[in-house]
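Participant: below are the sequence and a predicted model for it; my questions follow.
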Amino acid sequence: MPELPEVETIRSYLDSVLAGKAIMSVPHLDDRMVKRSLKNGAEIRAALVGQTFGSVRRRGKFLLLGLASSPDALMIHLGMSGRLVTESLDAPYRPHTHLVVRYSGGELRLSDPRRFGRIAWVESGGLWGPHLGMEPLSSAFSSKTLGEILKGRKVAIKSALLNQNLVAGLGNIYADEALFYAGIHPQRPAGSLDVDELKRLVRGIRAVLRRSIEHRGTSFSDYVDALGHPGENQGYLKVYGREGKACRRCGTPIQRQVVGGRSSHYCPHCQRLTETSSEGAHHAEI
DNA sequence: GTCTTTACCTGTATGC
DNA sequence: TGCATACAGGTAAAGA
């Protein structure tokens, strides 16, 4: 499931490979993947051919493939099961391949069985995609700014962290991991976090994202990087996908609970729903 | 505006 | 073995 670390891993590689490459042709583009776009499929193909790739950027989980001589860009979102890889011209297509961009030296290919991903043509840098929240790895992201974002909100903190309009890039895996790091129960009302909790949460979000980027992302089923290799962060997860297994901190079995329609994994001992003012507080009854 | 629910979509796992 | 059903979840639209 591509979240910020996975998308960043792909971005980093594509930026090093694609920048400066001439776009020869677009052999395939499935119109069903073009959603909320300034150009339709045929127009995107026409606009790309003859251009040269510029830098590859990321905003939240959105990838932005820039062009050397145009402010416009090709935006790609990988959804749940999207794979964006570079391959040699003679490599066989994977099933569910929806986009092929042939450049000098290879092909950029997007495959996405579930088709939750998205391709769109966007104009000039800032005004693309939905209105996205703060970048959690930016210097502007702090306990103060996060507190302002969450102030007054009654929704569960887990749901707030998944809301891309508030913070951009967290998905189910890293929201759970960050809340565990911070010792915060996923169902705590978002606006109820105190200063210490906000500080721990900001540290947690940064820590789990950076660690995963170092490990080239988390691969459970679908995700691979732009070279087609799985990531290695799955072995470092503390709660996600560990229902029933012992908490790595205290040994209590990890629980799974649906919060805001999404499964949430947490340690009922380390992440209590009742108010606790600091880490390692004494036991509290629920 | 905030929050919840539902739709989209298909591979995989589970149950009968 | 085969079929039906449930489940996974990122985004966005609809509903409350």
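Facilitator: Great, that's in hand. Residues are numbered from 1 along each chain as shown, chains lettered A, B, ... in the order given.

Participant: so where is the stretch 51-200 of chain A shaky, pLDDT-wise?
Facilitator: A:124-130 (pLDDT under 70).

Participant: for DNA strand C, what are the nearby residues on it?
Facilitator: Applying C-beta under 7 Å from any atom of the strand, one finds that the stretch 51-200 of chain A approaches DNA strand C through A:60-62, A:77, A:79-81, A:114, A:116, A:118, A:129-130, A:162, A:164, A:171-173. Just so you know, the C-beta spots here come from the backbone N, C-alpha and C atoms, and that holds for glycine as well.

Participant: in PyMOL, select just the buried ones from those residues.
Facilitator: Selecting the buried subset of these in PyMOL, with 16 or more other C-beta atoms under 10 Å as the burial test, is done by:
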select buried, chain A and resi 60+61+62+77+79+80+81+118+129+162+164+171+172+173
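
Participant: how about the closest residue to DNA strand C within the stretch 101-250 of chain A: what's its closest non-neighbour residue?
Facilitator: Using C-beta to the nearest atom of the strand, the single residue of the stretch 101-250 of chain A nearest to DNA strand C is A:Gly171, 3.3 Å away. Among residues not flanking A:Gly171 along the chain, A:Glu3 sits closest, at 3.6 Å (C-beta to C-beta, 6 or more residues apart in numbering).

Participant: ok, the one you found to A:Pro186 distance?
Facilitator: As for A:Glu3, its distance to A:Pro186 is 16 Å (criterion: C-beta to C-beta, to the nearest Å).

Participant: tell me which of those two has more neighbours.
Facilitator: A:Pro186 (25 against 22; other C-beta atoms under 10 Å).

Participant: among the residues of the stretch 51-200 of chain A next to DNA strand C, which are in strands?
Facilitator: Within these, residues falling in strands by DSSP state E are A:62, A:77, A:118.

Participant: if I pick the last one, what's in contact with it?
Facilitator: With contact set as C-beta atoms under 8 Å, 6 or more residues apart in numbering, A:Arg118 has these partners: A:33-36, A:75-77, A:79.

Participant: which residues touch A:Leu146?
Facilitator: Counting by C-beta under 8 Å, 6+ apart, A:Leu146 has contacts A:134, A:167, A:198, A:201-202.

Participant: show me how far whichever strand or helix holds it is from its chain's centre.
Facilitator: Using DSSP states H and E, A:Leu146 maps to helix A:143-150. Average the C-alpha atoms of helix A:143-150, do the same for its chain, and the two points are 20 Å apart (C-alpha atoms, centre = their mean, to the nearest Å).

Participant: now the strands for the stretch 151-286 of chain A?
Facilitator: Assigned strands in the stretch 151-286 of chain A, in chain order: A:255-259, A:262-266 (criterion: DSSP state E, counting those that start in this stretch).

Participant: ok, the last one: who's next to it in the sheet?
Facilitator: What that stands for is strand A:262-266. Using DSSP bridges, the strands paired with strand A:262-266 in its sheet are strand A:255-259 (antiparallel).

Participant: quick one: is the partner strand near DNA strand B?
Facilitator: No - applying C-beta under 7 Å from any atom of the strand, one finds strand A:255-259 separated from DNA strand B by no less than 8.7 Å.

Participant: who touches that strand?
Facilitator: By C-beta under 8 Å, 6+ apart, strand A:255-259 touches A:156, A:158-159, A:186-187, A:243, A:263-268.
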